[in-house]
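A.B. asks: This is a predicted model, with the sequence first.
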Amino acid sequence: MEALMQENRVFHPPADFVKGAAIPSMEAYNKLCAEAEKDYDGFWARLANENIYWKKPFTKVLDESKAPFYKWFEDGTTNASYNCLDINVEKGLGNKTAIIFEADDGTVSNVTYQEMLERVCKMANALRKMGIKSGDRVIIYMSMSIEGIVAMQACARIGAIHSVVFGGFSAKSLQERIVDVGACAVITGDEQLRGGKPLPLKVIVDEALTLGGCEKIKNVIVYKRTGGNVAMTAGRDSWMHDVVANESTTCEPEWVSAEHPLFILYTSGSTGKPKGVQHSTGGYLLWAILTMKWTFDIKPEDIFWCTADIGWVTGHSYITYGPLAVGATEIVFEGVPTFPNAGRFWHMIQKHKATIFYTAPTAIRSLIKASSNDEAVHPKSYDLSSLRLLGSVGEPINPEAWMWYYENVGGSRCPIADTFWQTETGGHMISPLPGATPMIPGSCTLPLPGIMAAIVDEAGADVPNGQGGILVVKRPWPSMIRNIWNDPDRFVKSYFPEELGGTLYLAGDGAIRNKDTAYFTITGRIDDVLNVSGHRMGTMEIESCLVANPLVAEAAVVGRPDELTGEAICVFVVLKGGRPTGDDAKKIATELRNWVGKQIGPIAKPKDVRFGDNLPKTRSGKIMRRLLRVIAKGEEITQDTSTLENPAILEQLKEAL
Ligand code: WTA
């Protein structure tokens, strides 16, 4: 933290970049901010009218009468898929490449806007034929594919609400989401291909549907990716290519209110149960479009590449909706960054002449490591001269990784947009604007125009610059979360807590603003949420999973810093049968890792497992997580442990397996 605050290298937007930029100076940025300050409704109304096709124009901008259940542009009607596809075809971009898809094995297929529109229409017609209507929920459990994007857009076209579940989640995680969202259909694939290996999808769907509560599922639509052997249940399961075969290539969109839910995406929170983050259609789309223009400075000739998965919010905003809504050409990649070798990203940038590249710090750090003693996969062994802008998302980017990215990938010529945002915010919140903001490594700099971000103390009062605190947003913004599906109380408590006065949006992160520049630096989550390789994991989720194992009596989960993954998951376990030692302990540690992998998904597998006869608790029985964090880091305990019930067990917990 100290080092970060003393970071004084400043990188100015390159002159070439500034010339054509959408926001070409700090004056232009300040002007937009001032416009929002002066007339908040007018600012958003202007942008919404300029950037979205409204079937029926809205008359009211922001309705705060049921705050914090804010409504934006509510009486306006529109359709997200229409705004992404039809609009561009009507503008004469029908023959423009919408998606350059590169498969795991390197095979490339391109789809134009016209083709994309036709494929989405066919799929939308097929869904309608199955009786799926506006407001119905559809689960999408697919790998990175054109078909995955088509499935999402097809839902949007008919007003069905999609809920994409990341293809790495387990059958149980999938079933919980199917049940919570009350889905009527699942769209999946036979298998997915990652790093040359086929991995199951349909088999997991089949298992999920036997776990109970999934009776509402009437249809399972399967995209044939690998041709692997899967069972098809008659009357329920059908192949995607069969259901679209005879459908028309046109489909009248469902014109929905701007407030109609576009999607629900589950993310981890402070309790054991993931939250179904509900987003709107109009406000969400507006921000996806504006951030494509402002943060990514998108131009017609750009080749945009966001490496996220459609199972995460980044894939929603910056693969499925944002790039298409602005008529861009984007790369979609099926595989992993290390296959066939760790030069895959650089090779693809060179091959497709990518101009904008958006990835996660974890990926950057792992590629730094992989290329440190292997020239062949180092970015300098590739022609990356097409790049003009880089982006980072999902976790704090440490200054060393920032510098490496800047110099080796961007050739010291490309600005880096370090974009801070969340599943709940729908799009970027705090980020440099590449043609305007001077960049400081490790800082996400300043809020986007219209985003009233601030730092407050525990009572909700502003703290001065230079003093750390809680990151909040003071005013509602169009792409904000609308609700937690089926749980409005949790929505209010989680995001607009009474303690802060009830009107501030609580992001769940700590932050500090620099004394001189007022730049924001995110200091990490302040709740029980970990960020592992850019994936959000609730410690409670993992704890409840562990205690569900028959061997386990008690478990506590904390994070510790990890060079590669940002944070690593460390679990402290008390077994019913006593503390295991030697090979026994190793065996059980592996068993527990696999258990978590099976129950939640491989991304949740703990890195360190420690066994104790007990956990460090206060006399009132509270687990002292602060102490566990110190132990997890491998540091000596300097804190007072006199309130501990059982200080002796600290020794036992030192051994990590
Ligand atoms: C973290 C991903 C620092 C933060 C879009 C946030 C970041 C959580 C950054 C949201 C960044 C995301 N700098 N931290 N540029 N971007 N985070 O919902 O802790 O998967 O609350 O959304 O990631 O993760 P989520």
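C.D. replies: Received the coordinates, thanks. Numbering: from 1, shown residues only.

A.B. asks: Close to the ligand: what parts of the chain are there?
C.D. replies: 267, 312-314, 393-396, 418-423, 444, 507-509, 522, 525, 531, 536 (C-beta under 6 Å from any ligand atom). No exception for glycine: its C-beta is placed from N, CA and C like everyone else's.

A.B. asks: please redo it, this time with the cut-off set to 8 Å
C.D. replies: The chain comes close to the ligand at residues 267, 312-314, 392-397, 418-425, 430-431, 444, 507-509, 522, 524-525, 529, 531, 534-536, as judged by C-beta under 8 Å from any ligand atom.

A.B. asks: Which per-residue confidence value corresponds to the closest residue to the ligand within the stretch 51-200 of the chain?
C.D. replies: The ligand sits closest to residue 166 of the stretch 51-200 of the chain, with a gap of 10.5 Å, by C-beta to the nearest ligand atom. pLDDT for residue 166: 96.

A.B. asks: what about the closest residue to it other than its chain neighbours, neighbour count?
C.D. replies: Once flanking residues are discounted, residue 166 sits nearest to residue 311: 2.9 Å by C-beta to C-beta, 6 or more residues apart in numbering. Close neighbours of residue 311, defined as other C-beta atoms under 10 Å, add up to 23.

A.B. asks: I believe residue 311 is in a strand; please confirm or correct that.
C.D. replies: No: using DSSP: H, G, I helix; E, B strand; the rest coil, the secondary structure at residue 311 is coil, not a strand.

A.B. asks: Go ahead and confirm it touches residue 163.
C.D. replies: No: with contacts counted by C-beta atoms under 8 Å, residue 311 stays clear of residue 163, the gap being 10.4 Å.

A.B. asks: Closest residue of the stretch 301-450 of the chain to the ligand?
C.D. replies: Per C-beta to the nearest ligand atom, the residue of the stretch 301-450 of the chain with the smallest distance to the ligand is residue 423, at 3.4 Å.

A.B. asks: The residue of the stretch 51-200 of the chain closest to the ligand: what's it in contact with?
C.D. replies: 309, 311, 312, 601 (C-beta atoms under 8 Å, 6 or more residues apart in numbering).

A.B. asks: Read off the pLDDT value for the first one.
C.D. replies: Spelled out, that is residue 309. Value for residue 309, per-residue pLDDT: 96.

A.B. asks: can you tell me which residues contact residue 448?
C.D. replies: Contacts of residue 448 by C-beta under 8 Å, 6+ apart are 290, 291, 294, 295, 428, 429, 430, 431, 433.

A.B. asks: just the helices in the stretch 1-150 of the chain please.
C.D. replies: Using DSSP state H, counting those that start in this stretch, the helices of the stretch 1-150 of the chain run over 2-5, 15-20, 26-38, 40-51, 80-81, 87-88, 113-129, 146-158.

A.B. asks: Can I get the fourth one in CSV, CA atoms only?
C.D. replies: Read it as helix 40-51. Extracted in CSV, the C-alpha atoms of helix 40-51 (Å, rounded to 0.1, in the frame of the first residue of the first chain):
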residue,chain,number,x,y,z
TYR,A,40,-28.0,14.8,-13.9
ASP,A,41,-31.3,13.8,-15.6
GLY,A,42,-30.5,16.0,-18.6
PHE,A,43,-27.1,14.4,-19.0
TRP,A,44,-28.4,10.9,-19.0
ALA,A,45,-31.4,11.7,-21.2
ARG,A,46,-29.2,13.3,-23.8
LEU,A,47,-26.9,10.2,-23.9
ALA,A,48,-29.8,7.7,-23.9
ASN,A,49,-31.4,9.5,-26.8
GLU,A,50,-28.2,9.7,-28.8
ASN,A,51,-27.0,6.2,-28.2
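
A.B. asks: just how off-centre is that helix within its chain?
C.D. replies: Mean-position distance between helix 40-51 and its chain equals 26 Å (C-alpha atoms, centre = their mean, to the nearest Å).

A.B. asks: for that helix, packing partners?
C.D. replies: Contact here means 3 or more C-beta pairs under 8 Å, 6 or more residues apart in numbering; DSSP states H and E; on that basis helix 40-51 packs against helix 26-38, strand 62-63, helix 282-294.

A.B. asks: Quick check: mean pLDDT of it?
C.D. replies: Here the average pLDDT along helix 40-51 is 98.

A.B. asks: ok, the residue of the stretch 451-600 of the chain at minimum distance from the ligand - contacts?
C.D. replies: Residue nearest to the ligand within the stretch 451-600 of the chain: residue 522 (3.7 Å; C-beta to the nearest ligand atom). Shown in contact with residue 522 (C-beta under 8 Å, 6+ apart): 396, 420, 430, 444, 471, 509, 510, 511.
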